[in-house]
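Chemist: got a predicted structure plus its sequence, pasted below:
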Amino acid sequence: QVQLVETGGGLVQAGGSLRLSCAASGRLFDIYHMAWFRQAPGKEREFVARITWRTGSTSYAHSVKGRFTISRVNAKNTVYLQMNSLKPEDTAVYYCAADLSVVPGTWDYWGQGTQVTVSS
């Protein structure tokens with residue numbers, strides 16, 4: 001089992017910044033990828049960014065590339081999402097997820113989510 005706890009959400013004005021954290025615990029040696037997803041009201045959950053736990057390799061959704069940065073600190077078992085130049089359309093509940101497969105896509109474990117609200 002893997003447990004994920006997100007923190008760092010809140011209310012920010014457009015153009016501002018927030019940093020989300022995701023602390024992982026449990027069977028950490030099974031984790032291959034970590035990612036952030038988000039879900040806005042009335043919309044489906046969408047991929048935001050991914051990081052490969054062991055190598056640090058990253059990928060991003062087109063809508064956030066250049067504004068968001070995903071990183072991890074292995075010693076703290078924590079993944080971060082630095083969000084800059086925030087826009088009202090970034091408003092959503094942000095979820096952290098862990099995938100135990102070499103090829104990501106299963107997303108076996110999820111956190112409870114943290115709300116990010118960007119005001120115009």
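Modeler: Ah, there it is.

Chemist: spatially central residue in this protein, please.
Modeler: Centroid check for the chain by C-alpha atoms, centre = their mean gives W36 as the closest residue, at 2.3 Å.

Chemist: please identify the helix or strand for it.
Modeler: For W36, the host element (DSSP states H and E) is strand 33-39.

Chemist: report the distance from that strand to the chain centre.
Modeler: 4 Å (C-alpha atoms, centre = their mean, to the nearest Å).

Chemist: which residues of this structure fall in strands?
Modeler: With strands called from DSSP state E, the chain shows them at 2-7, 10-13, 18-26, 33-39, 46-52, 58-60, 68-73, 78-83, 92-99, 109-110, 114-119.

Chemist: including mean pLDDT, could the ones you listed go into TSV?
Modeler: TSV is the format used below for the strands of the chain (pLDDT from 0 to 100):
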stretch	mean pLDDT
strand 2-7	96
strand 10-13	98
strand 18-26	96
strand 33-39	98
strand 46-52	98
strand 58-60	97
strand 68-73	96
strand 78-83	98
strand 92-99	98
strand 109-110	98
strand 114-119	98
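
Chemist: please name the nearest non-neighbouring residue to the residue sitting furthest away from the middle of the chain.
Modeler: When distances are taken from the C-alpha mean of the chain, S120 lies farthest, 22.6 Å away, according to C-alpha atoms, centre = their mean. Nearest residue to S120, sequence neighbours excluded (C-beta to C-beta, 6 or more residues apart in numbering): P88, at 4.7 Å. Just so you know, the C-beta spots here come from the backbone N, C-alpha and C atoms, and that holds for glycine as well.
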